[in-house]
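# need a 3D model of the sequence below.
(one chain, ligands or ions: 2)
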Amino acid sequence: MSGFPEVRMRRLRRTGVLRQLVRETQLSPSDLVYPLFVSEAESDRTPIPSMPGVDRLSIAALVQEVFGAWEEGIRAVLLFGIPEERDETGGNALRDEGIVQRAVRELRKEFPDLVVITDVCLCEYMSHGHCGLVRDGEVLNDETLELLAAQAVSHAQAGADLVAPSDMMDGRVAAIRAALDAAGRESTGLLSYAVKYASAYYGPFREAVDSAPRFGDRRGYQMDPGNALEALREAALDVEEGADILMVKPALPCLDIVRRVKDEFGMPTAAYQVSGEYAMIRAAAERGWIDEREVTMEAILAIRRAGADLVITYAARSTARELAF
Ligand code: PBG
Ligand code: ZN
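Residues are numbered from 1 along each chain as shown. Ligands and ions are numbered 1, 2, ... in the order given. Below you'll find the model as predicted:
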């Protein structure tokens, strides 16, 4: 018995319950991380045009949004801050009274069991829009590490469970780990954007937080999309430096990398379905060309199948609702 007609693959595809019984990849709301934009200038919520369904939120609106998400089964959020003022040194990123720090304290108070993750990067706080300090048109690596470490410590002190550096400076995981430990925050985890490509799929995000670089681009620090072995080296360094979870970003264009990172390191692995991935689905669905719910579910399932334990997605709430049925 080695094949057809004894073997018939269609037997287990006959009904929905049979298919569910043998499905290899499971998805639950607890696998999802919901990214949120909290803005200092905001009095309530303002839609982001290139990300339909995603808003910039005041702290009060953030709490309301997380309440809704929690009810639907979402247990983890990733916070991005939008300050009122930007400067050359990203000063507002480090303040204890900064927007993210205040938001974290508020969420901690309202939702004791929520997993609060904060994005650690300076681009939203810099007048030039780059992810680090700039001198003579160069993004400085080592000088930036101190600022990132201070930002991470202030997020941890506000109550973040995990800090997630997205800057792609070399050595930042080690610098942040050391600073957290020195501040007595050895229990705060590090979700590293280990493999972050210089991707055109971040376009809508940069509109959302107004962080497009005012000169040049991010190819001097983010990865070249042509490289896979380099992704493994990046991930290996972050493991050595003390990362607790490795992230690959963007997600759908990098399923091969998700799989290789998962197989190579066996670490908790995250993938970020980024703004452009979300926007493409929404835009095509608005024209009636694809089914938004089915395409979203298929994309997230594929990301899980590739090896991601957690999926960061703007569609977290709608997906959780979908899973409830
Ligand atoms: C900031 C940051 C970016 C994203 C996450 N953190 C943008 C960038 O690197 O330009 C992208 C997220 C998305 O597109 O949804 N360093
Ligand atoms: Zn950045």
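# what's the local residue count around the residue in the stretch 201-325 of the chain that ligand 2 sits nearest to?
Closest contact between the stretch 201-325 of the chain and ligand 2, by Cβ to the ion, is at Ser211 (6.5 Å). Placement of C-beta: from N, CA and C, glycine included. Using other Cβ atoms under 10 Å, Ser211 has 22 neighbouring residues.
# same check, this time on Phe4
7.
# tell me how far it lies from Arg11.
Per Cβ to Cβ, to the nearest Å, Phe4 is found 12 Å from Arg11.
# check Pro225 too.
Distance, Pro225 to Arg11, using Cβ to Cβ: 41 Å.
# higher neighbour count, those two?
Remark: of Pro225 and Arg11, Pro225 carries more neighbours, 16 against 8, as counted by other Cβ under 10 Å.
# SS state for that one?
coil (DSSP: H, G, I helix; E, B strand; the rest coil).
# number of nearby residues for the nearest residue to it once chain neighbours are set aside?
Once flanking residues are discounted, Pro225 sits nearest to Tyr197: 4.8 Å by Cβ to Cβ, 6 or more residues apart in numbering. Residues near Tyr197, counting by other Cβ under 10 Å, number 24.
# who does Tyr197 bridge with?
Bridge pairing for Tyr197 (DSSP bridges) gives the partners Met223.
# so which bits of stretch 174-188 are buried?
Neighbour-count burial for stretch 174-188 flags 174-177, 179-180, 183, 185, 188 (criterion: 16 or more other Cβ atoms under 10 Å).
# which parts of the stretch 1-150 of the chain sit against ligand 1?
Contact residues (Cβ under 6 Å from any ligand atom) of the stretch 1-150 of the chain with ligand 1: 119, 121, 123, 131.
# just give me the closest of the buried residues of stretch 174-188 to Ala271.
Using Cβ to Cβ, Ile176 comes nearest to Ala271 of the buried residues of stretch 174-188, at 21.1 Å.
# where's that closest one, which helix or strand?
Using DSSP states H and E, the element containing Ile176 is helix 172-182.
# same check on Asp263?
Per DSSP H and E: helix 255-265 holds Asp263.
# list the helices and strands that helix packs on?
The helices and strands touching helix 255-265, judged by 3 or more Cβ pairs under 8 Å, 6 or more residues apart in numbering; DSSP states H and E, are strand 189-196, helix 229-241, strand 245-249, strand 269-273, helix 292-305.
# quick revisit: the residue nearest to Pro225: what's it in contact with?
Shown in contact with Tyr197 (Cβ atoms under 8 Å, 6 or more residues apart in numbering): 222-225, 249-250, 253-254.
# which one of those residues is nearest to Thr296?
For the contacts of Tyr197, the nearest to Thr296 is Pro250 (14.9 Å; Cβ to Cβ).
# wait, the closest one touches Tyr278, no?
No - applying Cβ atoms under 8 Å, one finds Pro250 not in contact with Tyr278, separated by 10.2 Å.
# who's more crowded, these two?
Higher neighbour count among Pro250 and Tyr278: Tyr278, with 24 against 21, using other Cβ under 10 Å.
# returning to what we had before: grab the nearest non-local neighbour of the residue of the stretch 201-325 of the chain closest to ligand 2.
Per Cβ to Cβ, 6+ apart, closest to Ser211 is Cys123, 4.3 Å.
# please apply the same query to Arg105.
The shortest distance from Arg105 to any non-neighbouring residue, by Cβ to Cβ, 6+ apart, is to Ala158 (5.0 Å).
# how far away is that neighbour from ligand 2?
Distance, Ala158 to ligand 2, by Cβ to the ion, to the nearest Å: 20 Å.
# what do you get for Gln20?
Remark: distance between Gln20 and ligand 2 (Cβ to the ion) = 40 Å.
# need the helices for the protein, in chain order.
For the chain, the helices defined by DSSP state H occupy 16-21, 59-71, 99-110, 142-158, 172-182, 203-209, 229-241, 255-265, 275-286, 292-305, 316-323.
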